[in-house]
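1. please find the sequence and the predicted model below.
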Amino acid sequence: MENPWRGEVEIVIDGEARRMRLTLGALAELEATLGADSLVALVERFETSRFASRDVLALIVAGLRGGGWDIRPDAIARATIEGGPLAAAEAAAQLLARAFAAPGPA
């Protein structure tokens with residue numbers, strides 16, 4: 001079960017629930033993977049719905065690694081994500097938002 005206070009987001013991959021979390025190391029990996037000078041541009045892309053599928057994939061891989069699952073991007077690219085691409089994009093956006101803000105009231 002996810003813990004939003006820790007910035008965790010749950011995603012179901014190949015029928016198994018996994019926790020994602022953007023640790024400092026995962027954020028650094030994300031910047032390197034996307035070749036970004038900062039994460040501000042990535043946040044802005046998600047806020048304006050101008051993100052690419054590679055952004056979603058990179059966020060999910062970094063989040064899974066931050067959550068303790070050592071996974072390669074090609075494995076996630078071939079995996080089945082419950083809810084499809086839309087659910088993957090929503091989980092990635094939520095993961096990015098939780099990395100930088102405490103959750104509000106439930």
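-> On my side now, so go ahead.
2. contacts, neighbours, all on C-alpha from now
-> Noted.
3. how about the least confident helix or strand in the chain by mean pLDDT: buried residues?
-> Each helix and strand of the chain was given a mean pLDDT (mean pLDDT, DSSP states H and E); the minimum falls on helix 40-47 at a mean of 83. Applying a neighbour-count criterion of 16 or more other CA atoms under 10 Å, the buried positions in helix 40-47 are 42-43, 46.
4. between the residues you listed, which is closest to residue 17?
-> Minimum separation from residue 17 among the buried residues of helix 40-47 (CA to CA) is found for residue 46, which lies at 23.7 Å.
5. which non-adjacent residue is nearest that closest one?
-> residue 93 (6.4 Å; CA to CA, 6 or more residues apart in numbering).
6. next one: the helix or strand hosting residue 31 to chain centre, how far?
-> Secondary structure assigned from DSSP states H and E places residue 31 in helix 24-34. Taking the mean C-alpha point of helix 24-34 and that of its whole chain, the gap between them comes to 11 Å (CA atoms, centre = their mean, to the nearest Å).
7. for that helix, which outside residues touch it?
-> With CA atoms under 8 Å, 6 or more residues apart in numbering as the contact definition, helix 24-34 has outside contacts at 37-39, 55, 58-59, 62-63, 65-66.
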